[in-house]
Structures are given as structure tokens and as C-alpha cells.
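Enquirer: Next input, structure requested:
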Amino acid sequence: MKLINIGYGNLVSAERLLAVVSPDSAPIKRIVQDSREIGMLIDATYGRKTKSVLIMDTGHTVLSALAPEAISARAETEEGAQHG
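Expert: You can find the predicted model right below:
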């Protein structure tokens, strides 16, 4: 199983990750709020500002303090390390 570091020692499964998006738009804010209400929100920001929202195929929504670009770069680095 390939894991992606989303900051502060937190990891998510790359196979389960559907999207990494910015939390600024109203539709994403609704997704976060809806996930919070039904207990499917995982806050991995450690109290810092949310810079990206990860949508998982399990129905969970994960908040990260890393920018989407940083998570993407880490995912690509992990992929390169496993193939090399």
C-alpha cells in the first residue's frame, strides 16, 4: 500500500485518494461541513489553517495544513521512490 505524507506525520492511502482541492470555494466548504455533521471528517491540521481538502473514496474528508501542490509533489516523490 502506497502512503502519502499529508503533514505532521499523517499519512493517507494513495489508492483511496480521489482528489486534493483547495478549501476556498463554497462547494468545498459545504463538503467539509457535511462531512463534519455526519462524522466523516478527519482533521489532520493540528490546529493550523486548512490549506487543502482530501476527498477519499471511503466517503471521508481529510483536512491538511499543506497546500495541494505540496501534497501532489509528495505523492510524486513517493511514487518515484517506489519505482526506483
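Enquirer: From Arg48, how far out is Leu66?
Expert: 9 Å (Cβ to Cβ, to the nearest Å). Placement of C-beta: from N, CA and C, glycine included.
Enquirer: neighbour count winner among these two?
Expert: Set side by side, Leu66 and Arg48 show more neighbours around Leu66, with 23 against 13, by other Cβ atoms under 10 Å.
Enquirer: In this structure that one contacts Leu54, no?
Expert: No: between Leu66 and Leu54 there is no contact under Cβ atoms under 8 Å: 9.9 Å.
Enquirer: Can you check which residues contact both of those two?
Expert: Residues touching both Leu66 and Leu54 by Cβ atoms under 8 Å, 6 or more residues apart in numbering: Ile6.
Enquirer: residues in contact with the regular element (helix or strand) spanning Val53?
Expert: Per DSSP states H and E: Val53 is located in strand 52-56. For strand 52-56, contacts defined as Cβ under 8 Å, 6+ apart pick out 6, 12-13, 16-23, 28, 31-32, 61-64, 66-68, 71.
Enquirer: How far does that strand sit from its chain's centre?
Expert: Here the centre of mass of C-alpha atoms in strand 52-56, compared against the chain's by Cα atoms, centre = their mean, to the nearest Å, lies 4 Å away.
Enquirer: Return the list of strands paired to that strand, each annotated with direction.
Expert: strand 17-21 (antiparallel), strand 61-64 (antiparallel) (DSSP bridges).
Enquirer: which ones are touching Ile28?
Expert: 21-22, 53 are the contacts of Ile28 under Cβ under 8 Å, 6+ apart.
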